[in-house]
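# Okay, here's the prediction I keep looking at, along with the sequence it came from:
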Amino acid sequence: VAISASFDAGLSDRFLDPYRFALAVLNDPGDCVPRLLRGYGHGDLHGRNVLVGRVGDRVLWPAVFDYGDMGMDNLIGWDFVKMETEFKIRAYPELFPVPAQAFVGEVIRMEHDLHTLTEEYRNNNQWPLKPVNATSPVERFRWLVLMMRKQASQQMGLYRNRSREWLAEYYFLLAIYGLNGMRFENLTDMQRLGAYLSAGCAASRYVWDRNLTHESGESA
């Protein structure tokens, strides 16, 4: 995808070609790969493996099924990034029904907002209880993604004494899964573009976060 020609000025620093990022990981995994949390995991968590009952105007009784890939040594973060990415790439074309060039800018802005908000909530541990505007599809979408990340912050961070490290790992896995997700034949062109953009924004944020941490001398 010839993505660079679609950037507005000021957006390019928010995106890193995920293919080149993956090549760098393969060439020097020791320097590029963060510490990865392993343990009990579903292994294939996405929206089509979750059933939710609706009663009147309330959504109740979510249930996860299809445990064929369940294991004791799965990547814990993989379930979260797969759920998030599968949701995003199907939602983006509905949220931003615009030509491809405009779509690129809208998705990158949304990804950047999600990353900066996540870092803010991680630092002060004050996640939003509800959408800013519950009637806005964009606001509801943003809030749902942040709620997924809140759960990830607990399972990968708070409960594991990794209050900062979990997010660097999360960005890394988002980049890898987003690139991997592009291979599925059932995706539309716009969904595939959304996966590519999401992966590239996560790769950029992962590199930025690691550089910032190293410069400050902090532990991840």
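Right, received. Where do you want to start?
# measure stretch 147-162 end to end?
One end of stretch 147-162 to the other measures 18 Å (C-alpha to C-alpha, to the nearest Å).
# Provide the contact partners of it at residue level.
37, 76-77, 80, 83-84, 87, 114, 118, 121-122, 127, 163-167, 169-170 (C-beta atoms under 8 Å, 6 or more residues apart in numbering). C-beta: built from backbone N, CA, C; applies to glycine.
# Any regions of this protein where pLDDT drops low?
1-12, 42-51, 59-61, 64-70, 209-220 (pLDDT under 70).
# show me where it has helices.
18-27, 29-32, 76-95, 100-124, 137-152, 165-181, 189-216 (DSSP state H).
# Could you export the ones you listed as TSV, including mean neighbour count?
Shown next, in TSV, are the helices of the chain (neighbours: other C-beta atoms under 10 Å):
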stretch	mean neighbour count
helix 18-27	15
helix 29-32	10
helix 76-95	21
helix 100-124	17
helix 137-152	17
helix 165-181	23
helix 189-216	20
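# closest one to R58 among the ones you listed?
helix 137-152 (15.4 Å; C-beta to C-beta).
# quick one: Q154 from Y206, how far?
Distance of Q154 to Y206, computed by C-beta to C-beta, to the nearest Å: 21 Å.
# With S198 instead?
13 Å.
# M190 now?
24 Å.
# got it, and T85?
15 Å.
# which residue of this structure sits farthest from its center?
Most distant residue from the mean C-alpha position of the chain: G56, 31.1 Å away (C-alpha atoms, centre = their mean).
# wait, A175 sits on D17?
No: assessed by C-beta atoms under 8 Å, A175 is found out of contact with D17, at 10.3 Å.
# what residues are shared contacts of the two?
Going by C-beta under 8 Å, 6+ apart, residues that sit against A175 and also against D17 are 200, 203.
# Now F103. Nearest residue, chain neighbours left out?
F96 (5.3 Å; C-beta to C-beta, 6 or more residues apart in numbering).
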